[in-house]
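> have a look; sequence and predicted model below, questions after that.
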Amino acid sequence: MFKLKPYKVETVFADCFIRYLLVSLVIFSSIFFIYSFIQIINEKDIVKGISGYYFAKTLLYLIPSIISTSLPFSIIFSVFFAVGELSLRGELNAIRVGGYSYGEISRTFLIFMIMLTGISYFLINDIAPKYNLKSREYLRTMINRVTNINLKSGSFENISSFTIYSDKIYGNEMNKVYLFENGRTHYDSDFFIKIEAEKGIYNILKEKGISITLYDGKIYHIDKEKYHILNLGKFEEYSAFMPFEITQKDYYTPPKYLKTSELKTILKNELNPKEIYKIKKEITQRRSAVVSIIIFGIISAILAFYFERDSKYFAFLSSIGIILFYYAVNIFSNIIAEKNPKFTEIVFFASPFLMAVLSSYFYIFKLRNK
Amino acid sequence: MKKISSYITKKFIFYFIAITLIISLFVTVINLFETANMMTRKGEDISLKNVLFQIPYYLHLITPLITMLSAFMTFNYFVSTNEYKAIYASGYSKTVFLYPLIALSLAIMLFSLLFADKFSAQLYRKAKNKSEKPELANLYIKKDNLILGAQKADTSGILKDVYMEDASTKIKIKTDTLRWDKKQNAWKARNGILIEESSRVKTSSFTSINIDFIPEPNIIIVSDLTDGNSYGIFELISRIIKLRNLSMKTTEETVFVYFKISLILINFIAVIIAFIFAQTDIIKNKSLSASAAMLISFIIWFGVIAAKRVADIEVIEPYMVALIPHSIFIIGSLYIIYRKKLI
């Protein structure tokens, strides 16, 4: 008869598992967080537009995605370590002697895994893509702008349509300055300006640009469509403002960054076969990832119970083995899907399916008779 | 060399080779998976050559981790077999382990600097096949009396929307195109204006003229640095010299040089840290030692990467990429050695 309140022995495994799960979730999330940090900071074009605020937001919004990635790893390791601990303390033996089957020992654990799968469903389909997109937007903003300019003596620096050079820079004062501008007038006429000055000063206006004042110099203005005309003049003081380059571009949003509900809506009206394939692939991969959560829990529990007397090294190696197996089959599925798109909606379930078959085999032929 | 030093050296080399082989296997499998994944996404065929060519680069990158793991495992061996007690009983001090390991770390550093860095960069360049962009935007140079600016420049010698001036003759030219004529060994400018400034200013427009005050393309055109990992330290240094001669910015290249030096220097820090850990109970357990070695390598590596990125945005000078993290590691290690009286 099904009891709502489980016996204490039925919760021992689940309690131990949850404790390990929380710890490993923190550890794996931290590892992935640091990995993401390094990946973002290694983006080549980020340095010229980097901002602490945008950078923090980019990382912060990645947390749901990081948790959903860490979850399978954490489950596998937690199951093996929980069973290992119970076995080491002799508790598992005591429970088994008390007449409890592996199914009964794992009942609360299984209920917890079903709940975790439900949570993962929302995390993988809704929350992670939504915040992934926000993170990507902040990253794009940093990549598409040039706000981090440092003028140095004896080298050219490009700032939007300007290029500036100074023989000597000390503080915000410059000696022997050259300023070039390749611009376009309101009448769509291209022009070139060269300014040379004996001295100058500059001020960086945060996130806006550089204001510059030049003293004692000459200005050359050339209309690129009328080379026979040169405008030339001398000045005692000349001021200019060089705005930082902030490009606002519209980007294609890959399916990875859209909620499953949004993908389904797009799919209804999409005519491009390539795009249909991409969307279907993304939706299937998400479904497969959700199913894998409970499968990971079950296969790990079955293997951990079966090999409970083996060392912790074996537990560790088994965990790695399951993860490698899962990803190898996934990559293989990806290759099949790329070559035969009609299999997309089936092939990504190969990993969880094979693991489910393996679990059933171990449970029916090995663990049940143990 | 003393017999004991030779014994320790042999143990370290054994672990170094074994760990290198195991990690190579891991790197190959992970890289194969990653490449296969990326290629299928792009719809390209998997190139095994590319996978293999990238392995030396990754191995070179994680050599400090291999050194640290080997040092930890060497100490673990002596502690777990109690051989260290026999060594101390023979009258040796704790430094008997330290000196051979320092010598070995210096050898690894030298090997990395002179051979591994160049070799791995060359193969990485072949694997990536994108170290240089053929066309670059906004090329501005100043070399001796010459100032030249082009909106677009091609490494083969085609420049567009060009401004040039020769301070010695006081000639300034603005032209649509500047092209290197290989047959005549001369630059040809098309459509533009020529300004001569002596006692008075003279201007003349032209459709085609020859320019003789600009050096050959390979002297004045330097392609963009798309990936610093594709260059060895010495290649980067020669690039820096060339760029400086042209008054071009060298921050990225300089940071990369110090970053690479910084990574190589970790090999030295690795054995010092292993020596410190050898005095704790952690070293008795193999898996704990390996975990500690990996964790510490990761922290150090993270520190070096963080310093590199701070230098990239020019908050700190490039040399600080090597100076700051290693000063912290060395001072921290020396402080622990002094406080715990390890030597």
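Structure's in. What do you need? For clarity, every value in this text was computed on a predicted model and none was experimentally measured. Residues are numbered from 1 along each chain as shown, chains lettered A, B, ... in the order given.
> next up, the contacts around B:Ile158.
For B:Ile158, the contact set (Cβ atoms under 8 Å, 6 or more residues apart in numbering or on different chains) comprises B:Thr177, B:Leu178, B:Arg179, B:Trp180. The way it works is simple: take the backbone N, C-alpha and C, and place the C-beta from them, glycine included.
> quick one, phi/psi of it?
phi -120, psi 120 (degrees, to the nearest 10).
> burial measure for the residue nearest to A:Gln285 when sequence neighbours are not counted, as a count.
Excluding its sequence neighbours, the residue lying closest to A:Gln285 (Cβ to Cβ, 6 or more residues apart in numbering or on different chains) is A:Phe348, at 5.3 Å. By the criterion of other Cβ atoms under 10 Å in any protein chain shown, A:Phe348 has 28 neighbours.
> measure A:Phe348 to chain B for me?
According to Cβ to the nearest Cβ, to the nearest Å, A:Phe348 and chain B sit 13 Å apart.
> ok, and the closest non-adjacent residue to the residue sitting nearest the centre point of chain B?
Using Cα atoms, centre = their mean, the residue of chain B that lies closest to the mean C-alpha position is B:Lys260, 3.5 Å off. Excluding the flanking residues, the one nearest B:Lys260 by Cβ to Cβ, 6+ apart is B:Ile233, at 5.2 Å.
> right, and the residue nearest to the centre of chain B touches B:Lys118 too?
No. Counting by Cβ atoms under 8 Å, B:Lys260 does not reach B:Lys118; the two are 10.7 Å apart.
> spit out the residues that contact these two alike.
Joint contacts of B:Lys260 and B:Lys118 (Cβ under 8 Å, 6+ apart) are B:Ile233.
> which SS class is the closest residue to B:Glu314 other than its chain neighbours?
Leaving aside its sequence neighbours, B:Glu314 sits nearest to A:Asn150 (Cβ to Cβ, 6+ apart; 4.3 Å). Recorded secondary structure, A:Asn150: coil (DSSP: H, G, I helix; E, B strand; the rest coil).
> same deal with the one 3 residues further on?
Put simply, A:Ser153 is coil when judged by three-state DSSP.
> show me where the stretch 151-300 of chain B has its strands.
B:158-166, B:171-181, B:186-197, B:201-211 (DSSP state E, counting those that start in this stretch).
> including distance to B:Ala103, could these go into TSV?
Shown next, in TSV, are the strands of the stretch 151-300 of chain B (distance: least, Cβ to Cβ, whole Å):
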stretch	distance to B:Ala103
strand B:158-166	53
strand B:171-181	53
strand B:186-197	55
strand B:201-211	58
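> can you add distance to B:Ala127 and mean pLDDT and give the ones you listed back as a markdown table?
A markdown table is the format used below for the strands of the stretch 151-300 of chain B (distance: least, Cβ to Cβ, whole Å; pLDDT from 0 to 100):
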| stretch | distance to B:Ala127 | mean pLDDT |
| --- | --- | --- |
| strand B:158-166 | 29 | 93 |
| strand B:171-181 | 31 | 93 |
| strand B:186-197 | 36 | 92 |
| strand B:201-211 | 40 | 91 |
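> ok, now which ones touch the nearest residue to B:Ile62 once chain neighbours are set aside?
Closest residue to B:Ile62 apart from its sequence neighbours, by Cβ to Cβ, 6+ apart: B:Ile23 at 6.5 Å. Taking Cβ under 8 Å, 6+ apart, we find B:Ile23 in contact with B:Leu59, B:Ile62, B:Leu65, B:Ile66.
> which residue is the nearest non-sequential neighbour of A:Leu179?
A:Ile195 (4.3 Å).
> can you show me the helices along the stretch 1-150 of chain A?
A:8-41, A:52-60, A:63-88, A:91-97, A:102-105, A:107-122, A:128-143 (DSSP state H, counting those that start in this stretch).
> can the first one be said to contact chain B?
What it means is helix A:8-41. Yes. Contact of helix A:8-41 with chain B (Cβ under 8 Å from any Cβ of the partner chain) involves A:Ile34, A:Ile38, A:Ile41.
> list buried residues within those.
Those of the residues of helix A:8-41 next to chain B that meet the buried threshold are A:Ile41, by 16 or more other Cβ atoms under 10 Å in any protein chain shown.
> let me have the residues of helix A:8-41 next to chain B in TSV, extended by pLDDT.
Conversion of those to TSV gives the following (pLDDT from 0 to 100):
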residue	pLDDT
A:Ile34	74
A:Ile38	71
A:Ile41	74
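> for the residues of helix A:8-41 next to chain B, which one is nearest A:Ser78?
Nearest to A:Ser78 among the residues of helix A:8-41 next to chain B is A:Ile34, at 20.6 Å by Cβ to Cβ.
> these two touch, right, the closest one and B:Ile305?
No. With contacts counted by Cβ under 8 Å, A:Ile34 stays clear of B:Ile305, the gap being 9.9 Å.
> separation between A:Glu308 and A:Asp15?
Going from A:Glu308 to A:Asp15 by Cβ to Cβ, to the nearest Å gives 17 Å.
> between these two, which is the more surrounded one?
Between A:Glu308 and A:Asp15, counted using other Cβ under 10 Å, A:Glu308 has the larger neighbour count: 19 against 14.
> ok, the closest residue in space to that one that isn't next to it in sequence - contacts?
Spatial nearest neighbour of A:Glu308, chain neighbours left out: A:Ser87 (4.3 Å); criterion: Cβ to Cβ, 6+ apart. Neighbouring residues of A:Ser87 by Cβ under 8 Å, 6+ apart: A:Asn93, A:Glu308, A:Arg309.
> need the contact list for residue 301.
Let's take chain A. Counted by Cβ under 8 Å, 6+ apart, A:Ala301 has contacts A:Val79, A:Val83, A:Ser106, A:Phe109.
> hmm, no, I was thinking of chain B.
B:Pro64, B:Leu65, B:Leu263, B:Ile266.
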